[in-house]
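Visitor: Sequence and predicted model, in that order:
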Amino acid sequence: MVRVTTTDRRAVLRAGAGIVASGALTAGCATGTATGGAATHPDAPTSRTGAALAPVPLLHYPAQIPHGPRDRPQVALTFHGDGDPATAHALLAAAEEHGSRVTVFAVGTWLDAHPGLARRVLDGGHELGNHTLRHLDINAMPEADADAEIRGCAERLTALTGSIGTWFRPSRGARGARASPLVERLARRAGYPHVLSYDVDSLDFTSPGAPAVVRNVMADVRAGSIVSLHFGYADTVAAFPGLLHELDRRGLHAVTTTELLT
């Protein structure tokens, strides 16, 4: 695969957002209209290259993506965006100090309570995704309720950033954050061509202690892995510098999910 710079990659993604908005077909799935599209509100926060990114279909990936390419020394650290904002600020700052970038799946009500965090995430060169409005068991919901959960968070992301976010991850999904067929379809209709799953679970939400968080990740991580982590937990903050160090020892670098997959 040809390597491109982050600027080039994101230029391609912005161009690809037009494909989403036009409803073009991906391999095996139709993309929906991306609410908010690639248009950016004049006051919206942006990525380091100056654009709030919108989803695009990646033709060579399935509708639900558990990991990226295994032939590049990169991983994606993805965070559930909820809880005490102090933990978010600490983890984002630690990632930036290390030269790493992460993906934050924001809960809509968390954005309501802390709208400035959307700007903080994007201004740090990270990316934002949709983790539903209220973080309920979306796979167990009837269609209208599940649709409202996805679109409710997308509306908040659009209001704050001019985009519905780069990725969707279902809330309270089974291990791996798999979406039901219904939720997958609703997400696609809302403008998310793919559901982002993961193949490595830190289990940090169980508060096992910082060393255990590092061990849980390092036991399964490899090139291309997508790792599940959480804001809101002291163990995650304490574990993060050590986790980044261990990834360095393995020769793995943390990048945004978009960079991992393109």
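Guide: Cool, the structure landed.

Visitor: Looks to me like S228 is in a strand.
Guide: Yes - looking at S228 with DSSP: H, G, I helix; E, B strand; the rest coil, it is inside a strand.

Visitor: Can you give me the neighbour number for it?
Guide: 24 (other C-beta atoms under 10 Å). C-beta: built from backbone N, CA, C; applies to glycine.

Visitor: Touching, it and L196? I think so.
Guide: No - with contact defined as C-beta atoms under 8 Å, S228 does not reach L196; the gap is 10.1 Å.

Visitor: Overlap in contacts, those two.
Guide: Counting by C-beta atoms under 8 Å, 6 or more residues apart in numbering, the contacts common to S228 and L196 are T78, A177.

Visitor: Tell me the helices and strands packed up against the helix or strand encompassing A144.
Guide: Element membership for A144 (DSSP states H and E) is helix 143-161. Contacting helix 143-161 under the criterion 3 or more C-beta pairs under 8 Å, 6 or more residues apart in numbering; DSSP states H and E are the following elements: strand 103-106, helix 108-113, helix 116-123, strand 127-130, helix 181-190.

Visitor: D204 is nearest to which of the ones you listed?
Guide: strand 103-106 (14.2 Å; C-beta to C-beta).

Visitor: Identify each buried residue in stretch 208-224, please.
Guide: P208, A210, A212, V213, V214, R215, N216, V217, M218, V221, A223, G224 (16 or more other C-beta atoms under 10 Å).

Visitor: which SSE is the fifth one in?
Guide: By that I understand V214. helix 210-220.

Visitor: What is the distance between that helix and the centre of its chain?
Guide: 21 Å (C-alpha atoms, centre = their mean, to the nearest Å).

Visitor: give me the low-pLDDT residue ranges for the chain?
Guide: For the chain, applying pLDDT under 70 flags the ranges 1-52, 173-176.

Visitor: Hmm, L182 and P170 touching each other?
Guide: No - applying C-beta under 8 Å, one finds P170 not in contact with L182, separated by 10.5 Å.

Visitor: Neighbour count for these two, which is higher?
Guide: The neighbour comparison of P170 against L182 (other C-beta under 10 Å) goes to P170, with 29 against 15.

Visitor: circling back to that earlier point, save the buried residues of stretch 208-224 as JSON lines, and put in distance to L247 too.
Guide: As requested, these are exported to JSON lines (distance: C-beta to C-beta, whole Å):
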{"residue": "P208", "distance to L247": "19"}
{"residue": "A210", "distance to L247": "15"}
{"residue": "A212", "distance to L247": "17"}
{"residue": "V213", "distance to L247": "13"}
{"residue": "V214", "distance to L247": "10"}
{"residue": "R215", "distance to L247": "13"}
{"residue": "N216", "distance to L247": "13"}
{"residue": "V217", "distance to L247": "8"}
{"residue": "M218", "distance to L247": "8"}
{"residue": "V221", "distance to L247": "7"}
{"residue": "A223", "distance to L247": "11"}
{"residue": "G224", "distance to L247": "13"}
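
Visitor: Just give me the closest of these to P115.
Guide: Distances from P115 to these, taken by C-beta to C-beta, are shortest for V213, at 28.6 Å.
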